[in-house]
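In: based on what follows, work out the 3D shape:
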Amino acid sequence: MLTVALTGGIASGKSVIADILRDVGCYIHHADRIAHELMEPDKPAWKKIVAQFGKKILNEDKTINRSRLGKIIFSDKKEQRFLNELIHPLVHEKKKETIQKLEKEGRFNIFVSEAALTVEAGFTDFFDKVIVVYCRQDVQIKRLMGRDRISHKEAVQKLESQMMPEEKLKYADYIIDTSGTLQDTVEQTERVYRNLVIDFEMKHAP
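Out: Numbering: from 1, shown residues only. Model (predicted):
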């Protein structure tokens, strides 16, 4: 199986590309969904997060209020580092377990990990190929404001808390620019997929 990282900044369009790749037959592993599961009430990660940030981040049903937690970590690099260093290794272990299971089943040729912080977590070398999703900052800010219903200032703060897109591009085997139309993004993604099929064939060539 070919292992592929799909990464990029917040609100850059990763989920759209993941959907396209899933539709053409790739297995999509959503790191964010696994992180949610790890942070469910009374799970080990949940206990450590509550111990670090206090019960003020909890909803009435004991689930973590991601909006409250987000405001803390996007404004405090130290707290952001704590959360990342806790969650990333746990998510990565789950990822490896899934890959092993899929390889035994043999139903998929291409495994795609959709994870925003693959580069920051230092996991790029784990993958055969890295796709970096990129878009102009003005487009990114507009999408983020609409998606999260936040102000321009809050959107900029979130972007500034992350690695500069230009830095991530250095790790890319393939780049998909989502600044344009949806059709343009679809065409770029399909082109990258055709290359991934060739990469898979080369990896498994006798």
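In: let me see the mean pLDDT of stretch 190-206.
Out: Per-residue pLDDT values across stretch 190-206 average out to 95.
In: how far is it from where the chain is centred?
Out: Once both centres are worked out by Cα atoms, centre = their mean, to the nearest Å, stretch 190-206 turns out to sit 22 Å from its chain's centre.
In: same thing with stretch 115-122?
Out: With Cα atoms, centre = their mean as the basis, the distance from the averaged C-alpha position of stretch 115-122 to the chain average is 7 Å.
In: same thing with stretch 19-33?
Out: 11 Å.
In: end-to-end on that stretch?
Out: End-to-end distance for stretch 19-33: 15 Å, by Cα to Cα, to the nearest Å.
In: next, the buried residues of it.
Out: Counting neighbours by 16 or more other Cβ atoms under 10 Å, one finds that the buried residues in stretch 19-33 are Ile20, Leu21, Cys26, Tyr27, Ile28, His29, His30, Ala31. Placement of C-beta: from N, CA and C, glycine included.
In: and if you look at stretch 102-113?
Out: Of the residues in stretch 102-113, Leu102, Phe108, Asn109, Ile110, Phe111, Val112, Ser113 count as buried by neighbour count, 16+ other Cβ under 10 Å.
In: give me the phi and psi for the fifth one.
Out: The one in question is Phe111. Per-residue torsions, Phe111: phi -100, psi 130 (degrees, to the nearest 10).
In: contacting residues for it?
Out: For Phe111, the contacting residues are Met1, Leu2, Thr3, Val4, Cys26, Tyr27, His29, Thr98, Ile99, Leu102, by Cβ atoms under 8 Å, 6 or more residues apart in numbering.
In: tabulate those (TSV), appending pLDDT and distance to Glu154.
Out: As requested, these are arranged in TSV below (pLDDT from 0 to 100; distance: Cβ to Cβ, whole Å):
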residue	pLDDT	distance to Glu154
Met1	95	40
Leu2	98	38
Thr3	98	35
Val4	98	32
Cys26	98	33
Tyr27	98	34
His29	97	29
Thr98	97	34
Ile99	97	36
Leu102	97	38
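In: which of the residues you listed sits closest to Leu117?
Out: For the contacts of Phe111, the minimum distance to Leu117 (Cβ to Cβ) is 14.2 Å, reached by His29.
In: my guess is that closest one contacts Phe108, does it?
Out: No. Here His29 does not reach Phe108: they are 10.5 Å apart, not a contact under Cβ atoms under 8 Å.
In: ranges for the strands of this protein?
Out: If DSSP state E is used as the criterion, the strands of the chain fall at 2-8, 27-30, 110-114, 129-134, 174-177.
In: would CSV of these with distance to His204 be doable?
Out: Compiled in CSV, the strands of the chain are given as follows (distance: least, Cβ to Cβ, whole Å):
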stretch, distance to His204
strand 2-8, 8
strand 27-30, 16
strand 110-114, 12
strand 129-134, 14
strand 174-177, 19
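In: among those, which comes closest to Glu79?
Out: Within those, the stretch nearest Glu79 is strand 2-8; the backing value is 22.1 Å (Cβ to Cβ).
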